[in-house]
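K.L.:
3D, please:
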Amino acid sequence: MVKAIIQREYGGPEVMKWEDVTLGKPGPGEARIRHTAVGLNFIDVYYRTGLYPAPLPLTTGMEAAGVIEELGPDVTGFKVGDRVSYACQPIGAYAEARIMPVKNLIVLLDNIDDETAAAMTLQGMTTEYLVQRSYPVKKGETVLFHAAAGGVGLLACQWLRHIGATVIGTVGSEEKGELAKAHGCTHVINYRTEDFHKRVMEITDGKGVPVVYDSIGKETFEKSLDCLRPRGLLVSFGNASGPVRGVDLGILAAKGSLYVTRPTLMTYNATREELEKSAGDVMALVASGAIKVSINQRYPLEEAAKAHADLEARKTTGSTILTV
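P.N.:
Below you'll find the model as predicted:
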């Protein structure tokens with residue numbers, strides 16, 4: 001028996017319970033992973049609330065690091081004792097141990113510790129596909145990144161600085177603004193006290209930006225479009241304030257022949273080749289020191305409900321892990 005977070009209904013953090021579960025043996029193409037650290041991400045909230053429906057009862061969580069304890073038949077390329085991480089379907093990371101398809105596992109470099117891996121795998125690969133593939137940012141460009149003091153935001157600020165881009169970042173407090181600046185954000189906008197569209201146009205001399213990265217969703221969607229230059233791209237990759245619904249495509253024409261994409265990590269890393277390239281790029285930048293992973297909150301796994309409450313209340317900054 002192992003312990004895991006189980007929920008039998010959709011709802012608030014209180015539906016998450018710490019319970020015993022029985023774990024079977026790995027089958028063909030599978031491994032049993034003993035978790036050492038679990039990543040906390042906003043997508044976990046979407047599964048908990050039912051915004052992203054999954055069969056009940058469920059254990060949420062898409063990211064963790066740990067050690068391979070047992071391999072199923074005919075598995076190649078991995079061995080017992082390998083330190084690995086993952087950030088993918090199927091959900092179920094909020095557990096002391098689990099069975100995982102080996103095709104989704106990433107073997108960690110020796111100089112990437114388990115906590116760092118659990119904090120950076122999903123957010124790091126998300127950052128990678130955002131700035132290198134959804135819109136390949138070029139040196140000298142100016143971009144707008146919402147929630148710049150969040151887990152993805154702090155990694156993105158550093159990655160974009162490494163590229164040579166200028167980052168305009170939105171935050172919800174002065175403290176978060178200082179944190180974003182310390183991680184490479186050039187211009188910080190406190191959206192609680194400033195009109196971010198007005199400030200973006202001031203910073204860009206009325207031209208707007210070629211790309212906006214928006215994980216907030218409903219609250220920022222229309223003004224994000226207004227921040228774009230003609231034929232600019234809005235990369236809407238999250239729903240922290242609620243999903244964007246009922247969009248009239250004519251608004252894209254009226255605002256300058258704009259583009260909108262709603263990408264996911266799963267489609268950008270759908271093949272083993274894409275996964276290995278994305279993870280490799282992340283680990284290389286972290287190992288080189290170009291990107292530093294800020295683990296600013298730690299909660300015991302059994303206190304996942306508190307971690308969710310704090311995340312939804314926007315009390316967290318940088319990355320958060322659940323310790324096992």
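K.L.:
residue 179 contacts residue 316, correct?
P.N.:
No: Residue 179 is beyond contact range of residue 316, at 11.3 Å (criterion: CB atoms under 8 Å). No exception for glycine: its C-beta is placed from N, CA and C like everyone else's.
K.L.:
please enumerate the strands of the stretch 101-250 of the chain.
P.N.:
Assigned by DSSP state E, counting those that start in this stretch, the stretch 101-250 of the chain shows strands spanning 106-107, 142-145, 166-171, 187-190, 209-214, 228-236.
K.L.:
now do the buried residues in stretch 22-29.
P.N.:
Neighbour-count burial for stretch 22-29 flags residue 26 (criterion: 16 or more other CB atoms under 10 Å).
K.L.:
OK, contacts around residue 118?
P.N.:
Neighbouring residues of residue 118 by CB atoms under 8 Å, 6 or more residues apart in numbering: 36, 37, 38, 39, 63, 64, 65, 85, 321.
K.L.:
same deal with residue 287?
P.N.:
So residue 287 contacts 109, 111, 112 (CB under 8 Å, 6+ apart).
K.L.:
what sits closest to residue 200 if chain neighbours are left out?
P.N.:
Residue nearest to residue 200 in three dimensions, not counting chain neighbours: residue 227, with 4.5 Å by CB to CB, 6 or more residues apart in numbering.
K.L.:
also residue 72?
P.N.:
Excluding its sequence neighbours, the residue lying closest to residue 72 (CB to CB, 6+ apart) is residue 26, at 3.7 Å.
K.L.:
list the contacts of the one you found.
P.N.:
Residues in contact with residue 26, defined by CB under 8 Å, 6+ apart, are 32, 70, 71, 72, 75, 99.
K.L.:
please tell me how far the residue nearest in space to the middle of the chain sits from residue 282.
P.N.:
Nearest to the mean C-alpha position of the chain, by CA atoms, centre = their mean, lies residue 123 at 3.5 Å. Here residue 123 is placed at a distance of 9 Å from residue 282 (CB to CB, to the nearest Å).
K.L.:
sorry, back to before: mind picking the two most distant members of the contacts of residue 118?
P.N.:
Among the contacts of residue 118, the pair separated by the greatest distance (CB to CB) is 36 and 63, at 12.5 Å.
K.L.:
so those two - more neighbours on which side?
P.N.:
residue 63 (27 against 20; other CB atoms under 10 Å).
K.L.:
contacts only, for the closest residue to that one other than its chain neighbours.
P.N.:
Counting by CB to CB, 6+ apart, residue 63 lies nearest to residue 39, which is 3.3 Å off, once chain neighbours are set aside. By CB under 8 Å, 6+ apart, residue 39 lies in contact with 61-64, 87, 93, 118-119, 121-123, 319-322.
K.L.:
which strand residues bridge residue 39?
P.N.:
Residues in a beta bridge with residue 39, per DSSP bridges, are residue 321.
K.L.:
any idea how far residue 318 is from it?
P.N.:
Counting by CB to CB, the gap from residue 39 to residue 318 is 12 Å.
K.L.:
cool, residue 164 as well?
P.N.:
As judged by CB to CB, residue 164 and residue 318 stand 23 Å apart.
K.L.:
more neighbours, these two?
P.N.:
Using other CB under 10 Å, the more surrounded residue of residue 164 and residue 318 is residue 318, with 22 against 11.
K.L.:
can you give me the neighbour number for the nearest residue to the more buried one once chain neighbours are set aside?
P.N.:
Among residues not flanking residue 318 along the chain, residue 294 sits closest, at 3.5 Å (CB to CB, 6+ apart). Residue 294: 19 surrounding residues under other CB under 10 Å.
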